[in-house]
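*Asks:* this one's sequence-less:
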């Protein structure tokens, strides 16, 4: 039951600036997350604080946080970093680097939540010439407020496959609902990968194990972005690895909001992922696998390991952005999200225009990346369809 709200006139909004004032929010922030369970682990104070310390501060950004209070009680927080870009001030939600986490605010859910969301957006727009907001549930409160805003904006549609596990009493019950081909493929692939070797799936714990795993995972991600021709990708930044080591090594208990799972063959990593865990779901965030074992579909088996882990805790599994074919084989539904670039000044319209231009170029970039991958495998360009050999 949604609790009643106090009059909207009791609402006050402000911008919290600087590390000292931001850190002082920790007790109230944690209480807010407990009262209105965070839709994502990325909304916890610990996640935001480490994102600032390890990722945003080294870039020279300014730390800002929108706060909303009712009668002195904190009922909404929305942390940002503000960076200079092409002579403009641009605000970004605090993130591990890729901005694939849910980027909206943490709000107390009551009858006044729509008003609180709108007020938070108004305050956020005062931070910079343009703000970027990532992965908002389409039709949700903040997305609705952004759509209602008449300022220039750019929207990117995102679809996330979801494996609905929480409604089932156990793994066997869920698996029984899948096709016989699907079940047989799981058994066959795991048997092939483990042939003549010890195959083990486990949660990564302990500082040394975490450091070794994070280094391995980001080496695999760096190999991938090199193939895609994106050398400036976030995965190559050492501060990103430091962030995940801190999150994983600092909280490896059962209730930790950030976990890592690894599939190992004879003690060597074959596939692994870093996931966010909240009250209702487990979210894929960073994944990778050893390309030498690509023929054994280690990524497909890793999803099974994550699904089993989520099932044990009665969580749904959110497979993250991108509708990859292997994800769709697992998913029983997809959820739609939206990311926005929203202008707050005339200068901010430039940031919106650049976002529109990049969206228009995206199909060409994807085509070029496909050619680079083919050239890397064959050493020559593929023939056009219908061309003579």
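*Replies:* Now that the structure is in, tell me what you want to look at. These numbers come from a predicted model, not from an experiment.
*Asks:* specify the beta-bridge partners of the closest residue to residue 256 other than its chain neighbours.
*Replies:* The shortest distance from residue 256 to any non-neighbouring residue, by C-beta to C-beta, 6 or more residues apart in numbering, is to residue 277 (7.1 Å). Every C-beta, even on glycine, is put in place using the N, C-alpha and C of the backbone. Beta-bridge partners of residue 277, counted by DSSP bridges, are residue 282.
*Asks:* ditto for residue 263
*Replies:* Bridge pairing for residue 263 - DSSP bridges - gives residue 201, residue 271.
*Asks:* which SS state does residue 109 fall under?
*Replies:* coil (DSSP: H, G, I helix; E, B strand; the rest coil).
*Asks:* would you check that it makes contact with residue 36?
*Replies:* Yes - counting by C-beta atoms under 8 Å, residue 36 is a contact partner of residue 109 at 4.9 Å.
*Asks:* for stretch 244-251, buried residues please.
*Replies:* If you call a residue buried by 16 or more other C-beta atoms under 10 Å, then stretch 244-251 has these buried ones: 244-249.
*Asks:* roughly how far apart are the residue nearest to residue 256 and residue 78?
*Replies:* As defined by C-beta to C-beta, to the nearest Å, residue 277 lies at a distance of 22 Å from residue 78.
*Asks:* what's the domain layout of the protein?
*Replies:* Following automatic domain parsing, the chain resolves into domains at 8-150, 162-336.
*Asks:* which residues are contacting stretch 295-306?
*Replies:* Here stretch 295-306 makes contact (C-beta atoms under 8 Å, 6 or more residues apart in numbering) with 163, 185-186, 189-190, 192-193, 201, 261, 263, 270-273, 275, 282, 284, 287, 289-290, 317, 319, 326-327, 329-330.
*Asks:* out of the residues you listed, which sit inside helices?
*Replies:* Residues of the contacts of stretch 295-306 located in helices (DSSP state H): 185-186, 189-190, 192-193, 326-327, 329-330.
*Asks:* looking at the domains of the chain, which is buried most?
*Replies:* Of the domains of the chain, the one with the most neighbours on average (mean count of other C-beta atoms under 10 Å) is domain 8-150, at a mean of 19.
*Asks:* work out the gap between that one and the centre of the chain.
*Replies:* 16 Å (C-alpha atoms, centre = their mean, to the nearest Å).
*Asks:* can you pull out the strands in the stretch 101-250 of the chain?
*Replies:* In the stretch 101-250 of the chain, the strands defined using DSSP state E, counting those that start in this stretch lie at 106-107, 130-137, 153-163, 199-203.
*Asks:* for residue 96, which of the ones you listed is the nearest?
*Replies:* Nearest to residue 96, of all these, is strand 130-137, at 11.6 Å by C-beta to C-beta.
*Asks:* elements contacting that closest one?
*Replies:* Under the contact definition 3 or more C-beta pairs under 8 Å, 6 or more residues apart in numbering; DSSP states H and E, strand 130-137 sits against strand 88-93, helix 113-125, helix 141-148, strand 333-343, helix 348-378.
*Asks:* mind putting these into CSV with distance to residue 65?
*Replies:* Below are the helices and strands packed on strand 130-137 laid out as CSV (distance: least, C-beta to C-beta, whole Å):
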stretch, distance to residue 65
strand 88-93, 10
helix 113-125, 10
helix 141-148, 16
strand 333-343, 18
helix 348-378, 20
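*Asks:* do me a favour and average the pLDDT over stretch 179-194.
*Replies:* If you average the pLDDT over stretch 179-194, you get 93.
*Asks:* show me what that stretch is in contact with.
*Replies:* Applying C-beta under 8 Å, 6+ apart, the contact partners of stretch 179-194 are 175, 199, 265, 270, 293, 296-298, 300-301, 304, 329.
*Asks:* where helices are concerned, which of the residues you listed count?
*Replies:* Those of the contacts of stretch 179-194 lying in helices (DSSP H): 175, 298, 300-301, 304, 329.
*Asks:* quick one: which of the residues you listed is nearest residue 124?
*Replies:* Nearest to residue 124 out of the ones in helices among the contacts of stretch 179-194 is residue 329 (C-beta to C-beta; 38.2 Å).
*Asks:* from residue 318, how far off is the nearest residue to the closest one once chain neighbours are set aside?
*Replies:* Nearest residue to residue 329, sequence neighbours excluded (C-beta to C-beta, 6+ apart): residue 182, at 7.2 Å. Distance of residue 182 to residue 318, given as C-beta to C-beta: 20 Å.
*Asks:* can you check what pLDDT the model gives residue 372?
*Replies:* Note for residue 372: predicted pLDDT of 56.
*Asks:* return the residues in contact with residue 268.
*Replies:* Residue 268 sits next to residue 290 when contact means C-beta under 8 Å, 6+ apart.
*Asks:* read off the pLDDT value for it.
*Replies:* Predicted confidence (pLDDT) at residue 268: the value is 93.
*Asks:* before we move on, what about residue 364?
*Replies:* At residue 364, pLDDT is 61.
*Asks:* can you redo the buried residues of stretch 244-251 as TSV with pLDDT?
*Replies:* Formatted as TSV, these follow (pLDDT from 0 to 100):
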residue	pLDDT
244	94
245	94
246	93
247	93
248	93
249	89
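*Asks:* got the residues you listed as TSV, with distance to residue 151 columns?
*Replies:* Listed next are the buried residues of stretch 244-251 as TSV, based on distance: C-beta to C-beta, whole Å:
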residue	distance to residue 151
244	35
245	39
246	36
247	35
248	39
249	42
